Structures are given as structure tokens and as C-alpha cells.
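J.: okay, predicted coordinates and the sequence, questions at the end:
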Number of protein chains: 2
Amino acid sequence: MSIVIIFNKRNSIPWEKELAKLLPNEIIEVYPNIKNKEDIEFAICWKPEKNILKEFPNLKVVQSVGAAVDHITETQEIDDNIIISKIVDTYLTNDMFEYTLTAVMAYIKDVNYYSINKCKKDWKPKYYKRINETKICILGLGEIGSYVGKRLAEIGFNINGWSKSKKDIKGINSFYGKDNLYNAIENCDILVNILPVTEETKDILDYNLLSKLNKGGFLINIGRGEHLVEKDLLKLIDEEHLYGASLDVFRNEPLDADDKLWDYPTVTITPHIAGITNVESASKTISENYIRMQKDEDILHRVSLAKGY
Amino acid sequence: MSIVIIFNKRNSIPWEKELAKLLPNEIIEVYPNIKNKEDIEFAICWKPEKNILKEFPNLKVVQSVGAAVDHITETQEIDDNIIISKIVDTYLTNDMFEYTLTAVMAYIKDVNYYSINKCKKDWKPKYYKRINETKICILGLGEIGSYVGKRLAEIGFNINGWSKSKKDIKGINSFYGKDNLYNAIENCDILVNILPVTEETKDILDYNLLSKLNKGGFLINIGRGEHLVEKDLLKLIDEEHLYGASLDVFRNEPLDADDKLWDYPTVTITPHIAGITNVESASKTISENYIRMQKDEDILHRVSLAKGY
């Protein structure tokens, strides 16, 4: 029995070191240097190349090192008997909140406006929004969305939340089901997307949905690039219905150099850093899952293949 | 008896309207259009020109429309029997907190770094600080400083506060007295200045004081321009001891076009907007003070001329 790390454009060394400490008696190999593919039962993955997992006939558990698994489910054909697990990490959840708070404050206090004015040496005050005058809709109330919404509500923002089923979270007005999606967004100034990618949520951030935001509104996307119809966002900015956006995720990462997003002054681009998995704490979950697999116990943070999250 | 509004480079019309509603039977005049200067007992001031108040022999109360009175005490010779009052406004106090939160989040999450990278179409992640890893020192624990510190502590920041006398505020480590000024700042990442301007605090933000911040540290000045020795700040940025600053107040406002500050990419400049007095709520305080003056009752938010705040 052994473990394989399959990373694509990501440094595996810190993970190897941390896991070696936690599982000193196990063999941990890094793809593509594998002695015997039949021995592999546990694969730790980040954006694996197409159908790589098929090479391991005795695979039992596929462990994502992120909070999402679409980078695995979209690229691999996975047998039903293989368990997929994600990372639920309080660091990562909290980081997503801190990223959102930063983007929200920068928007309501016109950080971008003053930064542009500074280049022109222009001293020009502008009326700004206050926290308690700002209404935010959170799309997706899983671990991360619930936490982000709850913390923003504590600070004084008005929070709507939308999810598949009804949620009872302090400070969040719960909207649920497809029929209430637009109701959740109407009268909001900011939309924060933290949905998982599924067939139903792909391209969800389109012209119709984004136009439901208040005039001058703002999008924060920390879900996935596949959620956003980029040309629709840019159209709404061109039409001055939306002010701009803070985007951390893109269909292609790194973002293509010729992408129009780079040229929009009110669109903030960050290189997928809103929530970076903490190697130390995530490795604890991973080693725990490996031990549970050996003992035939329930795997932590198992993902439903049918739901996709 | 009548009231005079003496504003310098500030629109008085909204104030006239609001005060006329609250004091419908009183004469409210706007400098320099005064019928009879002997009638004036109550002056509402913003940055009055030098010694203008001397023109009113029967003045009893001088009301600042801001949270500070240095724009009055520095420019006027005021008899001891005249009462000076400032505005204590929950809007203004809260706005100062929201400005500080914005500047703090932008600093710890490298908003400026990503904004510069965006111009270069550069996709380059950077390690960022988290809220609970960030230590902030608040200079000045009056109404505003106490509130800012308390709210930031609630969000999870580590807060030191420095004031003349000991304070007991939830979430703030109290440092007090001249001897402990540097102790309060040592090991902090961010310094937030909300001191009043007095003889003792002028030029307080100098090389020695600012160099006590951690390497890579950051200054937020929402006190007064007179607190900051600008060349010392720029020297510490040039020496890479400090990362940058968010400045809302300056010795000359608007900031001179040839000021070096404009050219520093990691210095954010805002045009004195951190706390804008709310005309509606401030006018309530002002009319209440006018009525109290007539009834010989204690004036609200009276300022000690000896202390200067």
C-alpha cells in the first residue's frame, strides 16, 4: 500500500515533508515517479491531467488539496466505488472571509477611485457608502459561504444568502431554490459567489442574473471561473449598470495575457489567492483520512459525486 | 441674539437649511453678511480665517462642525470665558472606523501590489498577512480612537492603544503616558494615528517613532497633517523599513501638487474624507447647544482650552 501525490503546476515538496512527519512508516510517491502503480490506494490531487487516475487500478480514495473537487471530477473518469474527499480547513474558510471583506471595503470606500485620482494628482472627495447601508448577497451557503455571510453580518452588513435548501444562519436572510435566486439578488449592492461548480451552476453569473444587482453594483467571484460569463459582466460594466468586480478565479489560470479583463480599470484581478490551503492543517486531515481508509472507517469531508460538492 | 456660520472653503447651504428647520425662530447669518456683529452670541465654525472671531464682542459659544477644534484654537485668540464645543457624532466615529478597516485590509491583503501587477498583466501570488497575525497600535483613545480599536479587536486584530491616561477598553491593551509611547508601538505592524493636535503631539510621527514599527509596517493617519513629519515617513519608506501609508490629512489641504507624497506608489492619499460630519445629526447637537446657551445650561462636548481637545 502506498500514497501518490499528483500535482499539476504546484510545488509538492512542502506536502511531502509534512505528510512524511505525520505518516513516517508509509511510502509517499510523487507522480510520475511511481514504482508500482498497483500499490497505490490513496491519491492526493491538484488539477490532475486528464484521466491520470485510470492508471491506478487499486485506488480507493482521491483526496483534493483544495475546498473544491471540480478540478478532479471534470478531468477524470472515476468509478463509483472510489471515494472523493475535499479539504475543509478553518484557515482556508477564514481566508475567504478576509478576501471578501477586503474587496467589499475597497468597493464601498472607492479605493480604486482614489487610486486612479492619485495618478492624476487629483484631490476630489466622493460620497461613499457605509457598512449598514450596504446589502450583500452570498451565493452558496456551504462551509465557506455560511462563515463569510455570518462574519459580514456581525460587522454590520445586510446579508442575503442563497442555497439549494433552506438554511438557518444567524444574520443571513435565507433564500433557497431556483425560483428564489433572483429574489435573493434584487436590491443588493454586492454579489459574492462561493458556489461549487456543477452542471446547474456553470455560467450562472450571466447577464440576466448580474443585472438584478442595484445600479452601480459589484461582483466578487471566489467560486470558480466557470461560473462567470465574462462577456456579460463586461457588457454590464460598459452599460454602467455594474461598477466593477473583484475576481480571484478564471476559466484559464493564469489568466490569458490578451483577456479583456486586464484592461478594465474597475475590475480587480488576484491570482487565485483568496483561499490558499494551509499545508500543515490540510496534511492532518489527509493523514487522518489515510488512516481511516486503512481501518475501513468513514472518510472525512467526502464529496457526493452526484451533487458534485 | 443671533447665530453666525463662518465657513472657509466649505458649503454652508445644507447647514443653513438644517438649522433653519431645527431653530425656526432664530436668525442665522452667514459670514461675511452680518447685520449687527454685536448680536452674535453663537458662532458655527470651519477653519475660520485668522482672528475673525475678535469681530464679535458678545460671543459666548464657538461651535466646531468637526471632531477637532485645532482649526479654531490655532487661528483665533479666544477669551477664557468663551466656550468651545466640538461635534461628537456616531456617524463620524463610525466612518473613521470604516476608513481604518478599509486601509488595514488593503494593506494586509496587498491591494496595492495586485493593482500595480494588474497594470503589468502580471499573475504573481504573494504571501499575505491574516487578521489574527496583525498587531495594530492606535494613538489616541478618545471617542473615535476607542471605538476604532474596540471594533478592530472584535474583528480579530491584536490591538495596543496609547493615551495620556490609563484606559480600560475591551480588547485594547492600554499603554499610557510619554514613557510608554514607544512600548505601545513596538512589535506592531500598523500604526493608526487619531490624536488631537496639541503642542505635545505636533510632529509626533517622526523618524524615531515610526521606526519602532515592525519592518514592512504601515502608517494610517486620520488625525491631522501636523502630526506627521512627512520627510521622515518617506525616508523610512525609501529605506524599506516601512511599506507605505494611508493618509487622509495633510498640513496643506488640498495637498500641494508638487508634494512628493503623490509620487510614492505605496502611499494612499484620500482628500480628508475618513470622517465627514453628518449635517443632519451634527445640526441636532448644534441646535441643542444653542438652546442650552440661552438657558445657561452646560454646553455639550465642551473642549478644554488648556488641553486643546
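T.: Happy to help now that I have it. Residues are numbered from 1 along each chain as shown, chains lettered A, B, ... in the order given.
J.: residue A:17 and chain B: what is the separation?
T.: Distance, residue A:17 to chain B, by C-beta to the nearest C-beta, to the nearest Å: 18 Å. All C-beta atoms are positioned from the backbone trio N, CA, C, and that covers glycine.
J.: can you give me the pLDDT of that residue?
T.: In the predicted model, residue A:17 carries a pLDDT score of 96.
J.: now residue A:89
T.: Residue A:89 carries a pLDDT value of 84.
J.: what's the spacing between it and residue A:150?
T.: Residue A:89 sits 17 Å away from residue A:150, going by C-beta to C-beta, to the nearest Å.
J.: ditto for residue A:277
T.: 22 Å.
J.: these two: who's more crowded?
T.: Looking at residue A:277 and residue A:150 with other C-beta atoms under 10 Å in any protein chain shown, you find the greater number of neighbours at residue A:277, namely 21 against 18.
J.: residues in contact with the more buried one?
T.: For residue A:277, the contacting residues are A:65-67, A:87, A:89, A:91-92, by C-beta atoms under 8 Å, 6 or more residues apart in numbering or on different chains.
J.: and if we set it to 6 Å?
T.: A:65-66, A:87, A:92 (C-beta atoms under 6 Å, 6 or more residues apart in numbering or on different chains).
J.: any chance of the residues you listed in a markdown table, plus neighbour count?
T.: Formatted as a markdown table, the contacts of residue A:277 follow (neighbours: other C-beta atoms under 10 Å in any protein chain shown):
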| residue | neighbour count |
| --- | --- |
| A:65 | 23 |
| A:66 | 21 |
| A:87 | 24 |
| A:92 | 20 |
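J.: just put those in a markdown table and tack on distance to chain B.
T.: Formatted as a markdown table, these follow (distance: C-beta to the nearest C-beta, whole Å):
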| residue | distance to chain B |
| --- | --- |
| A:65 | 15 |
| A:66 | 14 |
| A:87 | 17 |
| A:92 | 11 |
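J.: ok, those vs residue B:129, which is closest?
T.: If you rank the contacts of residue A:277 by distance to residue B:129 using C-beta to C-beta, residue A:92 comes first, at 15.8 Å.
J.: residue boundaries of the strands in the stretch 201-309 of chain A?
T.: For the stretch 201-309 of chain A, the strands defined by DSSP state E, counting those that start in this stretch cover A:217-221, A:242-247, A:267-269.
J.: go through those and name the closest to residue A:79.
T.: Across the strands of the stretch 201-309 of chain A, closest to residue A:79 is strand A:217-221 (C-beta to C-beta), at 32.5 Å.
J.: quick check, that closest one touching chain B?
T.: No - Strand A:217-221 does not reach chain B (C-beta under 6 Å from any C-beta of the partner chain); its nearest approach is 12.9 Å.
J.: restrict that strand to CA atoms and write it as CSV.
T.: Output in CSV follows, covering the C-alpha atoms of strand A:217-221 (Å, rounded to 0.1, in the frame of the first residue of the first chain):
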residue,chain,number,x,y,z
GLY,A,217,-23.3,47.2,-8.1
PHE,A,218,-20.3,44.9,-7.7
LEU,A,219,-19.4,41.3,-8.2
ILE,A,220,-16.9,39.3,-6.1
ASN,A,221,-16.1,35.9,-7.6
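J.: contacts for that strand next, please.
T.: Contacts of strand A:217-221 (C-beta under 6 Å, 6+ apart): A:100, A:103, A:107, A:189-193, A:228, A:242-243, A:245-247, A:249.
J.: what's the separation between the closest residue in space to residue A:129 that isn't next to it in sequence and residue A:190?
T.: Nearest non-adjacent residue to residue A:129, counting by C-beta to C-beta, 6 or more residues apart in numbering or on different chains: residue A:108, 4.1 Å away. According to C-beta to C-beta, residue A:108 and residue A:190 sit 8 Å apart.
J.: do the same with residue A:268
T.: 13 Å.
J.: of those two, which one has the most company?
T.: residue A:190 (27 against 24).
J.: bridged to the more buried one, which residues?
T.: residue A:136, residue A:218 (DSSP bridges).
J.: so what pLDDT did it get?
T.: So residue A:190 comes in at 98 (pLDDT).
J.: just checking, it touches residue A:136?
T.: Yes - between residue A:190 and residue A:136 there is a contact at 4.5 Å, judged by C-beta atoms under 6 Å.
J.: from residue B:251, how far off is the spatially most central residue of chain A?
T.: Residue closest to the average C-alpha location in chain A (C-alpha atoms, centre = their mean): residue A:223, at 3.8 Å. To residue B:251, residue A:223 is 46 Å away according to C-beta to C-beta.
J.: how about the residues of chain A near chain B?
T.: So far as C-beta under 6 Å from any C-beta goes, chain A lies against chain B at A:98, A:101-102, A:105, A:109, A:111, A:114, A:118, A:121, A:123, A:125, A:131, A:254, A:257, A:262, A:269-271, A:273.
J.: redo that, cut-off 8 Å
T.: A:91, A:94-95, A:98-99, A:101-102, A:105-106, A:108-109, A:111-112, A:114-115, A:118, A:121, A:123-126, A:128, A:130-131, A:154-155, A:253-255, A:257, A:262, A:268-273, A:276 (C-beta under 8 Å from any C-beta of the partner chain).
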